[in-house]
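# Let's see this in three dimensions:
(2 chains)
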Amino acid sequence: MTSAVRVRFAPSPTGFLHIGGARTALYNWAFARHHGGTLVLRIEDTDPERSTAENTDAILRAMRWLGLDWDEGPEIGGAYGPYFQTQRFDRYSALLEQLKTSGHAYPCFCSPETLEEKRNAARTRGGFAGYDRTCRTLAPAEVAGRVAAGESHVWRLKVPQDRGDITFIDAVRGEVVFPPDAVDDFVLARTDGSPTYNFAVVADDVDMAISHVIRGDDHLSNTPKQIVVYEALELPIPIFAHLSMILGADGKRLSKRHGATSVEAYRDLGYLPEVLMNYLALLGWSLDGETTILSAKTLCENFSLDRISKNPAIFDEEKLAWMNGVYLRDMPAEEFVRRMMPSLEDAGLITAEEAAEDGRAKWLLKLAPLLQERTKQLPEVVGMVRFLFQAPSIDPTAQEKVLEKDGAGVALDAAVDTLTLVEPFEHTAIEAALREVPGRIGAKPKDVFQAVRVSVAGGTVSLPLFESLELLGKDTTLARLAAARQMATD
RNA sequence: GGCCCGUUCGUCUAGCGGUUAGGACACCGCCCUCUCAAGGCGGAGAUCACGGGUUCGAAUCCCGUACGGGCUACCA
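Residues are numbered from 1 along each chain as shown, chains lettered A, B, ... in the order given. Model prediction:
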């Protein structure tokens, strides 16, 4: 029998949920779901300087938006709480007491300044730059005296001198070996009694019965330290899996320089949550090397740690945009209308109330498929549909190249004549009528269509012409053709 | 400086001793076509970072080197 899978995502609320964190959360989630396990969300807010409640909220919001749910944690509760580190200080003290009584922790009175000096000296000399263990060998009587006298001190872990190499099997990188001096007698509890990261993480992972620690690569070097704490506590060590970094287009660590780095920024850019999930799933993991479009369900069914790649990956926004287009094209028109409405509202083209009217709803439904084929990011629709709501200003280049071309006026006159007769004003009938025009006036089809397009949409690029005219309606179409006729050359 | 990790088309990746090194994005061309897209077809693009081994045979295993990254705090 295998023990229950319990994993955790442990963000520190010092900022929004960024792309890298989201992927870590996603992999933990997928792993938990695959095994029918539990995903714990734990907030590592022990840094009072940088942690805020707003950031916590933003992180939860971003996770929910992405489609990630957790089984224990903020807003949910659970049997292993509390899930904020700042609420768990009594647990850290209890564990620290345990280490003190078992002789695995000792007080250190060295001042930060001396430590700094020693560290610098050691580093310029080359080699081991960890704590030199000065206070480890203090006489018990002296220690007791100084503590009693109220001298400030931290508590350090007494790492066994004969520990030897620290080896563990990382689920993605395989066997990783650290030499003994990779771990010094590091600080467990600060002068003020608060726990340091490497101690708090272990305490929490122990208390929350975490079975697999799936986290960023930047923690790989912290792992041996944590292992030593597990050993001091005489507790089983979880399985570790370290994910490599996500980089910007220049191969550097993703940062503000690269534009959007937070999940919510991508939401605001018009990306669908399922697309971001799909893209992130494949940025460092693969199903079979062939599949590029996959659902959350497929992800969860197939996710495994051994298919996570070891090397860092560059975040390719172009591929993300392509993928967004794929999803946008494949969704039902109703859904597309729903998703694009905020963009249209923001642009002041149509209100939600108007869109809900029966006639408008049907009209939008007809419009949707035309947009779905050419949209990668939702806000792009605004530029494509504006001419349907407002009279266009004719693009000067288009005017010169199309309307001022010889025969444009004749073509527009002919178009007006035939369109006036089209009833009902529906795109197949419009197309049939317009296709007769070139032959009748001795012009090329392309010239006629482009003249109409520029007149009606303002430029040489637009949604498909015949459908556009139908959407516009006969009156508006004829009015725009008449207006453009003024600028056209016979 | 020390320790650890990584290195397959521009990018994401498949590959886990024997393949014409496969797919996707991007790029180029053709087709379709009322423009733009979408779609279809095709193309270019990787001496698998480099150098040594091991092996009949290495992108795959081992050792070095180079480059990139991480850790080296009373940050997380």
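
# where along the stretch 251-400 of chain A do the helices fall?
A:263-268, A:273-282, A:296-302, A:317-330, A:333-346, A:352-356, A:358-372, A:380-389, A:396-398 (DSSP state H, counting those that start in this stretch).

# Which of those sits closest to residue A:56?
Closest approach to residue A:56 among those (CB to CB): helix A:263-268, 13.8 Å. Where C-beta positions appear, they are placed from N, C-alpha and C, glycine not excepted.

# which strands and helices sit next to that closest one?
The elements that helix A:263-268 packs onto, with contact taken as 3 or more CB pairs under 8 Å, 6 or more residues apart in numbering; DSSP states H and E, are helix A:19-34, helix A:53-66, helix A:273-282.

# will you turn those into TSV that also has distance to residue A:415, mean pLDDT and mean neighbour count?
Putting those into TSV (distance: least, CB to CB, whole Å; pLDDT from 0 to 100; neighbours: other CB atoms under 10 Å) gives the following:
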stretch	distance to residue A:415	mean pLDDT	mean neighbour count
helix A:19-34	50	97	24
helix A:53-66	47	95	18
helix A:273-282	41	97	21
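
# any chance of these in JSON lines, with distance to RNA strand B too?
Formatted as JSON lines, the helices and strands packed on helix A:263-268 follow (distance: least, CB to the nearest atom of the strand, whole Å):
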{"stretch": "helix A:19-34", "distance to RNA strand B": "10"}
{"stretch": "helix A:53-66", "distance to RNA strand B": "12"}
{"stretch": "helix A:273-282", "distance to RNA strand B": "5"}
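
# looking at the ones you listed, which is closest to residue A:193?
Across these, closest to residue A:193 is helix A:53-66 (CB to CB), at 23.2 Å.

# I would like the residues contacting that closest one, please.
Defining contact as CB atoms under 8 Å, 6 or more residues apart in numbering, one finds that helix A:53-66 is touched by A:11, A:13-17, A:21-22, A:25-26, A:41, A:43, A:45, A:69-70, A:74-75, A:262-264, A:267, A:273, A:276-277.

# angle of that helix against helix A:273-282?
Interaxial angle, helix A:53-66 versus helix A:273-282 (axes from the mean of the first three to the mean of the last three CA atoms, to 10 degrees): 90 degrees.

# how about the nearest residue to residue A:72, chain neighbours excluded?
Spatial nearest neighbour of residue A:72, excluding adjacent residues (CB to CB, 6 or more residues apart in numbering): residue A:78 at 2.9 Å.

# Distance check, the one you found against RNA strand B.
20 Å (CB to the nearest atom of the strand, to the nearest Å).

# can you check residue A:206 too?
16 Å.

# What are the buried residues along the helix or strand of chain A with the lowest mean pLDDT?
Using mean pLDDT, DSSP states H and E, the weakest-scoring helix or strand in chain A turns out to be helix A:112-125, at a mean of 83. By neighbour count, with 16 or more other CB atoms under 10 Å as the criterion, the buried positions of helix A:112-125 are A:115, A:118.

# How about it and RNA strand B, any contact?
Yes - on the criterion CB under 7 Å from any atom of the strand, helix A:112-125 is in touch with RNA strand B at A:112, A:115, A:119, A:123.

# sorry, back to before: ok, and which of the helices of the stretch 251-400 of chain A has the densest surroundings?
Across these, averaging neighbours per residue (mean count of other CB atoms under 10 Å) puts helix A:273-282 on top, at a mean of 21.

# who's in contact with that one?
A:19, A:22-23, A:26, A:30, A:65-67, A:263, A:266-267, A:292-296, A:299, A:319-320, A:323-324, A:327.

# go with 6 Å
Residues from elsewhere that reach helix A:273-282, judged by CB atoms under 6 Å, 6 or more residues apart in numbering: A:23, A:26, A:65, A:66, A:67, A:266, A:299, A:320, A:323, A:324, A:327.

# That helix vs helix A:317-330, what angle?
Using the same axes, to 10 degrees, helix A:273-282 lies at 130 degrees relative to helix A:317-330.

# how many degrees apart are helix A:273-282 and helix A:19-34 in direction?
Going by the same axes, to 10 degrees, helix A:273-282 makes 90 degrees with helix A:19-34.

# So which residues on the stretch 251-400 of chain A come close to RNA strand B?
A:251-253, A:282-284, A:286, A:288-290, A:292, A:306-307, A:309-314, A:316, A:318-319, A:322, A:325-326, A:329, A:373-374.

# Just the pLDDT at the closest residue to residue A:404 other than its chain neighbours, thanks.
Spatially, and ignoring its direct neighbours in sequence, residue A:404 is nearest to residue A:489 (4.8 Å; CB to CB, 6+ apart). Here, the pLDDT recorded for residue A:489 equals 80.

# so is residue A:489 in a helix, a strand, or just coil?
coil (DSSP: H, G, I helix; E, B strand; the rest coil).

# Tell me who's in contact with it.
Residue A:489 touches A:404, A:406, A:408, A:409, counting by CB under 6 Å, 6+ apart.

# The last one: how many residues sit nearby?
When you say that, I think you mean residue A:409. For residue A:409, the count of nearby residues is 19 (other CB atoms under 10 Å).

# host element of it?
helix A:408-421 (DSSP states H and E).

# gap between the residue nearest to residue A:236 when sequence neighbours are not counted and RNA strand B?
Nearest residue to residue A:236, sequence neighbours excluded (CB to CB, 6+ apart): residue A:230, at 7.3 Å. Distance, residue A:230 to RNA strand B, using CB to the nearest atom of the strand: 16 Å.

# name the element residue A:230 belongs to?
Per DSSP H and E: helix A:223-233 holds residue A:230.

# Pull out the buried residues from that helix.
For helix A:223-233, by 16+ other CB under 10 Å, it's A:223, A:224, A:225, A:226, A:227, A:228, A:229, A:232, A:233.

# Contacts only, for the first one.
Yep, that's residue A:223 we're talking about. So residue A:223 contacts residue A:240 (CB under 6 Å, 6+ apart).
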